[in-house]
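Chemist: Curious how this folds, go ahead:
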Amino acid sequence: MQGVKTLLTSLSLLFLVASPALAVDTSQTYNSGILVLLFVGFCALLIVAQLVPAILALFGMTKEAAKSASGKKLATSSKKH
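Modeler: Numbering: from 1, shown residues only. Presented below is the predicted three-dimensional model:
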């Protein structure tokens with residue numbers, strides 16, 4: 001049991017020390033300019049601008065569905081009495 005524990009500890013320390021060597025230098029891979037970032041930001045702004053009305057409509061439909069469900073529940077409970 002001691003040998004397995006030593007082996008696992010050794011392997012974990014080896015991977016812990018070797019992991020920074022596997023990291024990628026992003027200064028070499030990312031060389032896009034400010035125009036690319038502005039374009040991506042504009043696309044994100046368009047998506048968010050479309051999500052806000054969609055979420056508001058979803059909340060409105062949910063509110064109406066809950067109101068109609070509670071109205072039906074009240075109508076059926078008043079008929080029973």
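Chemist: Longest helix in this structure, please.
Modeler: Looking across the chain with DSSP state H, the single longest helix is helix 34-80.
Chemist: Which strands or helices does that helix pack on?
Modeler: Using 3 or more Cβ pairs under 8 Å, 6 or more residues apart in numbering; DSSP states H and E, no helix or strand is in contact with helix 34-80. In short, each C-beta sits where N, CA and C put it, glycine included.
Chemist: pLDDT-wise, which helix or strand of this protein ranks last?
Modeler: Least confident helix or strand, the chain: helix 26-29 with a mean of 63, by mean pLDDT, DSSP states H and E.
Chemist: pLDDT at residue 58, what is it?
Modeler: For residue 58, the pLDDT comes out at 95.
Chemist: and it, how far is that from residue 34?
Modeler: 36 Å (Cβ to Cβ, to the nearest Å).
Chemist: what about the two, which has more around it?
Modeler: Counted by other Cβ atoms under 10 Å, residue 58 and residue 34 do not tie: residue 58 has more neighbours, with 10 against 7.
Chemist: Next one: that one from residue 44, what distance?
Modeler: Taking Cβ to Cβ, one finds residue 58 at 20 Å from residue 44.
Chemist: Likewise for residue 64?
Modeler: For residue 64, the distance to residue 44 - Cβ to Cβ - is 31 Å.
Chemist: Same check on residue 71?
Modeler: According to Cβ to Cβ, residue 71 and residue 44 sit 41 Å apart.
Chemist: Same check on residue 73?
Modeler: Using Cβ to Cβ, residue 73 is found at 43 Å from residue 44.
Chemist: what do you get for residue 65?
Modeler: For residue 65, the distance to residue 44 - Cβ to Cβ - is 31 Å.
Chemist: Would you enumerate the residues in contact with residue 70?
Modeler: If you count contacts by Cβ atoms under 8 Å, 6 or more residues apart in numbering, residue 70 has none.
Chemist: Mind pulling the model confidence for it?
Modeler: 81.
Chemist: pLDDT weak spots in the protein?
Modeler: Low-confidence segments of the chain, defined by pLDDT under 70: 18-30, 74-81.
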